[in-house]
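Undergrad: This is a predicted model, with the sequence first.
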Amino acid sequence: MIFFAASTGARAGEQWAARWGDVDFEKAQLRISRRVDAYGEEGPPKTAAGIRTFPLSAQLVSALKAWKLQSRFSKPEDLIFANRQGSYVGHDNLIKRQFLPLFANVKAKRFNWHGLRHFAVSTWIEAGLSPKTVQTFAGHASLQVTMDRYGHLFPSEDHKRAMDHIATTLFTGTLSEH
């Protein structure tokens with residue numbers, strides 16, 4: 001579950017509503033077209049842009065194949081991450097009973113589940129994906145949403161030139177005294 005969230009950047013409700021039929025193992029792609037809310041009501045994603053298809057890493061495809069073989073629920077209409085009855089995972093219950101207790105066993109700063117989405121998006125940016133691609137993969141309604149949240153992470157030649165200029169002037173003593 002954590003690997004899926006950290007790789008796909010899916011919102012929690014999108015992850016819990018994902019079905020095996022949404023995974024194309026041949027093309028290594030995931031289609032997100034629904035989400036489930038805290039009351040177990042299924043509907044479309046948060047925005048129209050939330051309906052999206054994006055590539056999956058070979059490692060995640062392998063992990064999903066192994067998970068599918070282990071799962072009692074492996075038909076195309078079955079949830080990828082089902083509870084014991086084959087229904088939606090209760091997000092709050094999962095957080096309290098499984099996710100938060102993990103932090104007692106590791107030396108890592110505690111973070112919330114949504115932090116896995118931020119991690120995924122940040123790694124896409126670090127890997128050099130364009131802002132528009134990041135927007136599409138994240139399912140943001142607009143590029144403005146992506147840039148408002150993550151714009152500071154995108155490398156910029158303007159920023160680099162500015163920092164180089166500042167460093168040069170600091171060390172040569174030509175920076176104005178304003």
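TA: Right, received. Where do you want to start?
Undergrad: residue contacts, the residue nearest to G151 when sequence neighbours are not counted?
TA: Excluding the flanking residues, the one nearest G151 by Cβ to Cβ, 6 or more residues apart in numbering is P131, at 7.8 Å. Quick note: C-beta positions are derived from backbone N, CA and C, even for glycine. Neighbouring residues of P131 by Cβ atoms under 8 Å, 6 or more residues apart in numbering: L143, T146, M147, G151, F154.
Undergrad: wait, the second one sits on H140?
TA: Yes. With contacts counted by Cβ atoms under 8 Å, T146 reaches H140, the gap being 4.7 Å.
Undergrad: Kindly state the pLDDT recorded for the residue nearest to G151?
TA: You'll see P131 listed with a pLDDT of 94.
Undergrad: And the helices in this protein?
TA: Using DSSP state H, the helices of the chain run over 2-8, 12-17, 58-70, 91-94, 100-102, 114-126, 131-138, 143-150, 157-172.
Undergrad: Next, format the ones you listed as TSV and append distance to I32.
TA: Output for those, formatted as TSV (distance: least, Cβ to Cβ, whole Å):
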stretch	distance to I32
helix 2-8	8
helix 12-17	5
helix 58-70	14
helix 91-94	16
helix 100-102	25
helix 114-126	12
helix 131-138	10
helix 143-150	16
helix 157-172	32
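Undergrad: Pass me the low-pLDDT residue ranges in the chain, would you?
TA: Along the chain, segments meeting pLDDT under 70 span 159-160, 171-178.
Undergrad: on that earlier part again, could you say which of the helices of the chain is packed most deeply?
TA: Comparing these on average neighbours per residue, with mean count of other Cβ atoms under 10 Å, the densest one is helix 12-17 at a mean of 24.
Undergrad: Determine the set of other helices and strands touching it.
TA: On a contact count with 3 or more Cβ pairs under 8 Å, 6 or more residues apart in numbering; DSSP states H and E, helix 12-17 meets helix 2-8, strand 35-36, helix 91-94.
Undergrad: residues contacting T168?
TA: Neighbours of T168 in contact, by Cβ under 8 Å, 6+ apart: none.
Undergrad: Against P155, how distant is it?
TA: With distances taken as Cβ to Cβ, to the nearest Å, T168 is found 20 Å from P155.
Undergrad: ok, now T123?
TA: T123 is 14 Å from P155, by Cβ to Cβ.
Undergrad: So the nearest residue to V36 once chain neighbours are set aside versus E41, what's the distance?
TA: Nearest residue to V36 in three dimensions, chain neighbours excluded: A17, at 4.3 Å (Cβ to Cβ, 6+ apart). Counting by Cβ to Cβ, the gap from A17 to E41 is 10 Å.
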